[in-house]
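> sequence unavailable; structure follows:
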């Protein structure tokens with residue numbers, strides 16, 4: 001059991017609700033941090049996988065060769 005949850009239960013049993021609330025908040029913060037860390041890892045693993053863009057084409061001939069002689073002054 002998480003140490004913060006155990007501390008919260010002990011505080012409730014002792015009647016110290018303020019300390020129990022603090023322990024609960026600490027447990028929630030730790031859980032949120034762990035979940036956020038794992039979400040970032042999962043996103044990074046999915047984001048950089050190769051994406052299938054469908055069938056490759058040989059390209060379209062636009063008639064532009066990039067030859068400087070084609071440019072009019």
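That came through, no problem. No experiment lies behind these values; they were computed from the predicted model shown.

> for this structure, which segments count as helices?
With DSSP state H as the criterion, the chain has helices at 3-14, 17-47.

> can I get the ones you listed in TSV with mean neighbour count and mean pLDDT?
All C-beta spots, glycine's among them, are computed from the backbone N, C-alpha and C. Putting these into TSV (neighbours: other Cβ atoms under 10 Å; pLDDT from 0 to 100) gives the following:
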stretch	mean neighbour count	mean pLDDT
helix 3-14	15	90
helix 17-47	12	93
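
> out of those, flag the one nearest residue 54.
helix 17-47 (19.4 Å; Cβ to Cβ).

> now the angle from that closest one to helix 3-14?
160 degrees (axes from the mean of the first three to the mean of the last three Cα atoms, to 10 degrees).

> counting contacts, what elements does helix 17-47 pack onto?
helix 3-14 (3 or more Cβ pairs under 8 Å, 6 or more residues apart in numbering; DSSP states H and E).

> which residues are contacting the helix it packs on?
The contact list for helix 3-14, computed with Cβ atoms under 8 Å, 6 or more residues apart in numbering, reads 17, 19, 20, 23, 24, 26, 27, 30.

> now for the last one: which residues touch it?
Residues counted as contacts of residue 30 (Cβ under 8 Å, 6+ apart) are 2, 4.

> state the distance from it to residue 24.
For residue 30, the distance to residue 24 equals 11 Å [Cβ to Cβ, to the nearest Å].

> about what we covered before: kindly reformat the contacts of helix 3-14 as TSV containing distance to residue 64.
As requested, the contacts of helix 3-14 are exported to TSV (distance: Cβ to Cβ, whole Å):
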residue	distance to residue 64
17	75
19	74
20	73
23	69
24	66
26	64
27	63
30	59
